[in-house]
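Enquirer: Fold the following.
(chains A and B)
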Amino acid sequence: MTLETTTPPRTAILELAIVAIEEGGETAVRINDLTDAAGVGPPLLYRAFGSREGLVVAAQAERYRRALRVDQRQVAALEACESAEQFRDAVCDLLDGVAVTSRAAVRRTRMHVLGTSITRPELLDAIHEIEEQYLAAFLPALERAQRLGWILEDLDLWAWLTWQMSHVNSWANIELHDERPVDGWRDIARAAALHSLFGADIATTVAP
Amino acid sequence: MTTLSVQDAILERAIETIDAKGEAGIRVRDLVDAVGVTAPVLYRAFGSREGLIIAAQTERYRRALYIATDNFLGRLALCTSPDELRNHIDSVLDIVLSDQRAEQRRIRMNVMGSAITRPELLASLVAAEDRLVEELVPYFDRFQRNGWIRDGLDSRTWLHWYLALVNARAGLEVRTSGIDPRLWDAHSRLAILTTLFGFEQG
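Expert: Just a heads-up that it's a prediction; the model follows:
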């Protein structure tokens, strides 16, 4: 496989490494294959990424970034709410939109990268930064809702967002059960999220 | 030495190696030397280096998953009232949602991550988790018949959701920065207890 010759070599190598990981895991990242495909020599790769490990970490961080992109429409929908009810509906829509099966692939990518990050402080730092940027996009809308009394007043919003994100990430674990699908987890997850954000009264109405 | 014990010895050595150095640390030559056998013995038992890694990772995952399950099951069987059950689950969560289990979660997260691109390993991890859930389901079905947990809750589904959420604490534990884990635990405990017992008791 080759990329356009106009692509800067560093980007080309990174893209090729990402493709290699997605097709065959990290063991499929082979320096010679990548530099041949990018039309450069190995020294250029080492200058750009330091080592094979440096390249793998950069590629995994980029995969995580792409698997955790802010959907501005979701943010806008929360920010446009004019009543507690509208806000609650918008949160429900958001939760349902995130939980759809078509998002399973990005959850799986995140699980893959997280699993390989355990022994890699550099990759963990990169993931942490990506996650903070992602959550920060939703914070103003939640702060506004809290000021208006639409969500629990004593809730630490940043802690809630962090918890909910790892809750969402955990769904990848359930979705691995392809052969015998575990249906109905979305109802449990939704009720748990709404309960912690709005309190028992709301949760009772949405309980499965 | 019998064939079985040689196989076990290689497997144990492989598990120790992965624990210490990761999968990249697995060298067939080192392993067979350490166990005092030749490479063909290893290949007969595990097929290939990859086959050995899959067997070792499955076993690491299984051990990290089944930690303290016997005690948990034994005490579940002894519960005679909804209050006892709630107290039991609450005290189990004190241990589960604590740094005591961080190492097991770290291992599960690591094995699961490496399984994503290995269908065979992934299938055996999923099977290990399914087995654990199937062991727990009869207890929860009994609690439901007794009216101790929420009516209409599918206990199998709930158990999968619960295990996944607990696994997710690893995402916090491997970092040096981020939110106070006690806040994460409080959210998780509330979510676990209320989805199981009902929302009015939060």
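
Enquirer: where does the residue most central in space within chain A land in three-state SS?
Expert: Chain A has residue A:68 as the residue nearest its centroid, 2.9 Å off, counting by CA atoms, centre = their mean. Classification of residue A:68 using DSSP: H, G, I helix; E, B strand; the rest coil returns coil.

Enquirer: Got the phi and psi for it?
Expert: As for residue A:68, its main-chain torsions (degrees, to the nearest 10) stand at phi -140, psi 70.

Enquirer: in chain B, which ranges drop under the pLDDT threshold?
Expert: The model of chain B has pLDDT under 70 over residues B:1-4, B:68, B:176, B:201-202.

Enquirer: need the helices for it, in chain order.
Expert: All helices of chain B, identified by DSSP state H, fall at B:3-21, B:28-35, B:39-46, B:49-65, B:69-78, B:82-96, B:102-115, B:119-145, B:155-167, B:170-173, B:181-197.

Enquirer: Save these as TSV, and put in distance to residue A:56 too.
Expert: Any C-beta I mention is one placed from the backbone N, CA and C, and that applies to glycine too. Shown next, in TSV, are these (distance: least, CB to CB, whole Å):
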stretch	distance to residue A:56
helix B:3-21	16
helix B:28-35	23
helix B:39-46	26
helix B:49-65	18
helix B:69-78	35
helix B:82-96	33
helix B:102-115	13
helix B:119-145	19
helix B:155-167	24
helix B:170-173	20
helix B:181-197	29
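
Enquirer: which helix is the longest one in chain A?
Expert: Looking across chain A with DSSP H, the single longest helix is helix A:121-147.

Enquirer: just the helices in chain A please.
Expert: A:9-24, A:31-38, A:42-49, A:52-66, A:72-79, A:84-99, A:104-117, A:121-147, A:157-175, A:185-198, A:200-206.

Enquirer: nearest residue to whichever residue of chain A sits closest to chain B other than its sequence neighbours?
Expert: Using CB to the nearest CB, the single residue of chain A nearest to chain B is residue A:115, 1.0 Å away. Of all residues not flanking residue A:115 in the chain, residue B:113 sits nearest, at 1.0 Å (CB to CB, 6 or more residues apart in numbering or on different chains).

Enquirer: Test my guess that that neighbour contacts residue A:109.
Expert: No: with contact taken as CB atoms under 8 Å, residue B:113 and residue A:109 are classed as non-touching, separated by 10.5 Å.

Enquirer: wait, what's in contact with the residue located most distally from the centre of chain A?
Expert: Largest separation from the mean C-alpha position in chain A: residue A:41, at 33.5 Å (CA atoms, centre = their mean). Residues in contact with residue A:41 (CB atoms under 8 Å, 6 or more residues apart in numbering or on different chains) are residue A:35.

Enquirer: got the phi/psi numbers for it?
Expert: The phi/psi pair for residue A:41 (degrees, to the nearest 10) reads phi -100, psi 160.

Enquirer: now residue A:118
Expert: Taking degrees, to the nearest 10, you get phi -50, psi -40 for the backbone angles of residue A:118.

Enquirer: Pull stretch B:191-201 out as CSV, backbone CA atoms only.
Expert: Taking Å, rounded to 0.1, in the frame of the first residue of the first chain, the C-alpha atoms of stretch B:191-201 are listed here in CSV:
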residue,chain,number,x,y,z
ALA,B,191,-25.3,2.8,40.2
ILE,B,192,-24.7,-0.8,41.2
LEU,B,193,-27.0,-0.8,44.3
THR,B,194,-29.8,1.1,42.7
THR,B,195,-30.0,-0.8,39.5
LEU,B,196,-30.1,-4.0,41.5
PHE,B,197,-32.3,-3.0,44.4
GLY,B,198,-34.3,-0.1,43.1
PHE,B,199,-34.1,3.6,42.6
GLU,B,200,-36.0,4.9,45.6
GLN,B,201,-33.3,3.8,48.0
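
Enquirer: number of nearby residues for residue 155?
Expert: Using chain A here. 17 (other CB atoms under 10 Å in any protein chain shown).

Enquirer: That was the other one, I meant chain B.
Expert: Number of residues near residue B:155 (other CB under 10 Å) recorded here: 21.

Enquirer: One more: residue B:69?
Expert: Neighbourhood size, residue B:69 [other CB under 10 Å]: 12.

Enquirer: Spatially nearest residue to it, not counting backbone neighbours?
Expert: Once flanking residues are discounted, residue B:69 sits nearest to residue B:132: 6.8 Å by CB to CB, 6+ apart.

Enquirer: so how far is residue B:125 from that neighbour?
Expert: In this view, residue B:132 and residue B:125 are 11 Å apart by CB to CB, to the nearest Å.

Enquirer: Then residue B:59?
Expert: Residue B:59 is 11 Å from residue B:125, by CB to CB.

Enquirer: Among the two, which residue is more densely surrounded?
Expert: residue B:125 (23 against 19).

Enquirer: contacting residues for the more buried one?
Expert: Residue B:125 neighbours (CB under 8 Å, 6+ apart): A:176, B:58, B:61, B:111, B:112, B:115.

Enquirer: and the second one, how many neighbours?
Expert: For residue B:58, the number of neighbouring residues by other CB under 10 Å comes to 20.

Enquirer: Can you give me the distance of it to residue B:51?
Expert: When residue B:58 is compared with residue B:51 (using CB to CB), they lie 11 Å apart.

Enquirer: now the longest helix of chain A against helix A:185-198, angle please.
Expert: Angle of helix A:121-147 versus helix A:185-198, following axes from the mean of the first three to the mean of the last three CA atoms, to 10 degrees, is 60 degrees.

Enquirer: Do helix A:121-147 and chain B come into contact?
Expert: Yes: Helix A:121-147 reaches chain B (CB under 8 Å from any CB of the partner chain) through A:124, A:128.

Enquirer: Where in chain A is the helix or strand with the lowest mean pLDDT?
Expert: Using mean pLDDT, DSSP states H and E, the weakest-scoring helix or strand in chain A turns out to be helix A:200-206, at a mean of 71.

Enquirer: burial count for the residue nearest to the residue nearest to the centre of chain A when sequence neighbours are not counted?
Expert: Setting aside the residues directly before and after it, residue A:68 is nearest to residue A:134 in space (CB to CB, 6+ apart), at 5.1 Å. Residues contacting residue A:134 under the criterion other CB under 10 Å number 15.
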